[in-house]
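Visitor: Dropping a prediction and its sequence here:
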Amino acid sequence: MADYSAIAIYALLASIAVYAAILMRKNSAAARENLILSQAEKIAEYFSSTGSIQKALQQLVQEQPSSTLAYSKILQKIGSNVEASLAFEQAAAESQNKLFAETCIMIASAIKKNDANALFQSVQKLKDAANLSKVIGAGSEMGSFILQFVFAIIIPLIYFFMITTLGFQSDVYLEGFLGAIVVFSALFQGVVFRQWVQAMVKIPMVLSVFYLLFFVLAPKFIGGILGSIV
Amino acid sequence: MPFYEDSGNRLIVLIEQLKLSILSRSVEETIKYFASKSGFPFLNQLDYKITSQGKKLSDALQEQSGVESGRIKKVLEALGAGNFASQKLDELRDGILKEKKENFAWVSASIVTKIGWLAFFAIIPMAIYFLSTMAGIFQSIGMSELVVSESIKVIVILVCAILFIVLLFSKRLKNG
């Protein structure tokens, strides 16, 4: 059989790098969402205390000048005599960020009714939902990690030990079964948690480890205890 | 998963938007407003029925309700509740959050048991291969009935693989 160990090592390193990049991007998206919700909460608070959306925006922009560029633009539009609710609707239509667009639509509706309290309660509910999602996300990640740790690392290592140290006679069916377990454990993340990109990156990662472990390393160690007895 | 990527969370955002909108607009106007702004197709279909086909709100809601199911159907029922629409939307949102919490609690409680069963199905083929490896010893001590044939090994592996995959992706492990 041809030696693909160099390809397997490159595939492993490349998939680790892509996976790390995906995780960083995901964390950055989550941080952006947190910021959007907490800024919407601040706007509702200031809107309630000042009674004016313009003053509320001014206060927010003064407090967080580096992260309120979109709100500064809305403030400029309101300053140039565009109706406040219309300025928020325009910002929603122009925004690339869906959550920001949705909060702008909520703020526009609250401005129409001049009801800061309703806006505050709605934003609070979104924050509750976001916090619950965080708790569920962390728990799910942990469950997924344990499952993949067991079936992509522990079980293959047990098999490796059985085949090499103990000397069990392996064949293509057993290796196929183990390969399927490893691949399906990686697919689990995509099917159950809808994280398809991460799942797709994990497959070359686990397959390259599987190849290195069972097709490159294992043949060098075979000839174990049981093999010598039998 | 980021907050807005979850379909349940997107629906909660829509519910809050609808609640805020019906404070200052009628339900018909709210549907028209969100038909162009929201990513939920049922609002477009409702707007088409009201604006283009000239149907009454209650008729359009009822008709759409017959097509939809689950949470969207409940949103439509809430929109048709007149003065109680806001209250009904509140109840629906709280229901969604409660359901997510309960699902998560269930998943957390069941995952350890599930991993145990999965590990069991992953180890069985190794036990069969152990018996297969020991064939020479079994035959020499006159216990040849313990010798595992090739066909039995393949059948056991196939059965274990199928059970493993079914159990791995069974709905009990679905995320809340």
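Guide: Now that the structure is in, tell me what you want to look at. Numbering: from 1, shown residues only, chains lettered A, B, ... in the order given.

Visitor: can you map out the helices along chain A?
Guide: Assigned by DSSP state H, the helices in chain A fall at A:5-50, A:53-63, A:69-79, A:84-94, A:98-113, A:116-149, A:155-161, A:172-193, A:196-211, A:218-221, A:225-229.

Visitor: Highest mean neighbour count out of these?
Guide: helix A:98-113 (a mean of 24; mean count of other CB atoms under 10 Å in any protein chain shown). In short, each C-beta sits where N, CA and C put it, glycine included.

Visitor: angle of that helix against helix A:53-63?
Guide: 140 degrees (axes from the mean of the first three to the mean of the last three CA atoms, to 10 degrees).

Visitor: thinking again about what came up before, quick one: the helices of chain A as JSON lines, columns for mean pLDDT too.
Guide: Output for the helices of chain A, formatted as JSON lines (pLDDT from 0 to 100):
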{"stretch": "helix A:5-50", "mean pLDDT": "91"}
{"stretch": "helix A:53-63", "mean pLDDT": "88"}
{"stretch": "helix A:69-79", "mean pLDDT": "87"}
{"stretch": "helix A:84-94", "mean pLDDT": "90"}
{"stretch": "helix A:98-113", "mean pLDDT": "90"}
{"stretch": "helix A:116-149", "mean pLDDT": "88"}
{"stretch": "helix A:155-161", "mean pLDDT": "90"}
{"stretch": "helix A:172-193", "mean pLDDT": "87"}
{"stretch": "helix A:196-211", "mean pLDDT": "89"}
{"stretch": "helix A:218-221", "mean pLDDT": "82"}
{"stretch": "helix A:225-229", "mean pLDDT": "64"}
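
Visitor: now those helices in JSON lines, with distance to B:S21?
Guide: Below are the helices of chain A laid out as JSON lines (distance: least, CB to CB, whole Å):
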{"stretch": "helix A:5-50", "distance to B:S21": "16"}
{"stretch": "helix A:53-63", "distance to B:S21": "17"}
{"stretch": "helix A:69-79", "distance to B:S21": "19"}
{"stretch": "helix A:84-94", "distance to B:S21": "11"}
{"stretch": "helix A:98-113", "distance to B:S21": "5"}
{"stretch": "helix A:116-149", "distance to B:S21": "11"}
{"stretch": "helix A:155-161", "distance to B:S21": "53"}
{"stretch": "helix A:172-193", "distance to B:S21": "32"}
{"stretch": "helix A:196-211", "distance to B:S21": "34"}
{"stretch": "helix A:218-221", "distance to B:S21": "64"}
{"stretch": "helix A:225-229", "distance to B:S21": "72"}
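
Visitor: Include distance to chain B when you put those into JSON lines, please.
Guide: JSON lines is the format used below for the helices of chain A (distance: least, CB to the nearest CB, whole Å):
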{"stretch": "helix A:5-50", "distance to chain B": "5"}
{"stretch": "helix A:53-63", "distance to chain B": "14"}
{"stretch": "helix A:69-79", "distance to chain B": "16"}
{"stretch": "helix A:84-94", "distance to chain B": "7"}
{"stretch": "helix A:98-113", "distance to chain B": "4"}
{"stretch": "helix A:116-149", "distance to chain B": "4"}
{"stretch": "helix A:155-161", "distance to chain B": "5"}
{"stretch": "helix A:172-193", "distance to chain B": "5"}
{"stretch": "helix A:196-211", "distance to chain B": "10"}
{"stretch": "helix A:218-221", "distance to chain B": "14"}
{"stretch": "helix A:225-229", "distance to chain B": "6"}
